Every structure is written in structure tokens, then in C-alpha cells.
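*Asks:* pasting the sequence and the predicted coordinates here, then a few questions.
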Amino acid sequence: MRLVIEVERHKGEWFSPYIIDHPWGCTYHLHEDDITEDGAAWLAEVLTQQALRWKPRKLDAPRGPRIPVWMELEPEMERGCVIVVDDQPTYIRYVVRTGLIKRRAADTITRQLSDRSPDWERQPAQYVAHEQQANV
């Protein structure tokens, strides 16, 4: 089963972002005023990449330390960059191009991630090459 992290945008009355866990990953729910369509797609991609690095601790393992997670909104980024993640054993820092997500949503999501971090365990880096189909 492939791990997938989804980011869904919802209309209607504003609500604070929240996360729902699934056996195959989780879904982040944000109001459409808080994140753009592109922002949701790119955030889902980097969150999926992060989830491949941080696995749930075994049920009988003690909880780990709380890892600070935060998001900085940056108006000027390297051409083509929309989100950069600095994933360290002691913190996770997201740098996101301004306009993709609102500060209130960024703060809420990263606070929730920090609160959940004692249940994660950082895995050694793994690198994978995928075979691409030739265009015929």
C-alpha cells in the first residue's frame, strides 16, 4: 500500500484546518480561503515526501520528543521553487511561496504537526529511482 497525504479545500463557512488519519496516510482539511488549489497540490506532495521519512512509532515504544515544525511564507524564492522543506532530526521547517497558504492555516497545521511529532520516528534517508515509460 502506497502512503498518500491529501490536502482538501472546502467551501462554506470558515473553519480551522484539521487532519484526519487513514490507514493509507491522512487528509488535511483546509478552507478554500486559506489555501490555493496549487498550494494544496504542492503541500500534499511535500507532506507525502515528509511522511515517507517520518514513520509512526511502534505501539509499545515510548513517545519521543516534541519536534518543532513551522512554516515561513517567503515572497521571493528561487525560480520554479514553491515549497522547500528543511527536514532535520530536531525540527522541520517549511518555506512556502507567499500567496499559496495563509498565515493562520500555516500556523495551525504546523502546530498540529508539532503536537503529533512525539508519535513519529525519523527514518534514515532512502533514495529511489523510478523507471519512466518511453514516449512512443
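*Replies:* Looks like it came in fine.

*Asks:* got a list of contacts for the top helix by length along the chain?
*Replies:* If you go by DSSP state H, the chain has its longest helix at helix 37-53. Residues from elsewhere that reach helix 37-53 (Cβ atoms under 8 Å, 6 or more residues apart in numbering): 3-9, 25-26, 28, 30, 35, 82-83, 85, 87, 92, 94, 96, 99-101, 122-123, 125-126. Any C-beta I mention is one placed from the backbone N, CA and C, and that applies to glycine too.

*Asks:* distance between it and the chain's centre?
*Replies:* Averaging C-alpha positions (Cα atoms, centre = their mean, to the nearest Å) puts helix 37-53 5 Å from its chain's average.

*Asks:* with stretch 27-38 instead?
*Replies:* In terms of Cα atoms, centre = their mean, the centre of stretch 27-38 is found 12 Å from the chain centre.

*Asks:* buried stuff in it?
*Replies:* 27, 28, 30, 31, 34, 35, 36 (16 or more other Cβ atoms under 10 Å).

*Asks:* then stretch 3-21?
*Replies:* Those would be 5, 6, 7, 9, 17, 19, for stretch 3-21 by 16+ other Cβ under 10 Å.

*Asks:* residue contacts, the fourth one?
*Replies:* Under the criterion of Cβ under 8 Å, 6+ apart, the neighbours of residue 9 are 30, 31, 32, 35, 37, 40.

*Asks:* given the lowest-mean-pLDDT helix or strand in the chain, what are its sheet partners and their directions?
*Replies:* When the helices and strands of the chain are scored by mean pLDDT, DSSP states H and E, strand 54-56 comes last with a mean of 87. With DSSP bridges as the test, strand 54-56 is paired with strand 120-122 (antiparallel).

*Asks:* may I see the buried residues of the strand it pairs with?
*Replies:* Neighbour count says strand 120-122 has 120, 122 buried, by 16+ other Cβ under 10 Å.

*Asks:* so what's the model's average confidence on it?
*Replies:* Averaging pLDDT along strand 120-122 yields 91.

*Asks:* so how far is that strand from its chain's centroid?
*Replies:* 14 Å.

*Asks:* how much space between residue 27 and residue 85?
*Replies:* Using Cβ to Cβ, to the nearest Å, one gets 19 Å for the distance from residue 27 to residue 85.
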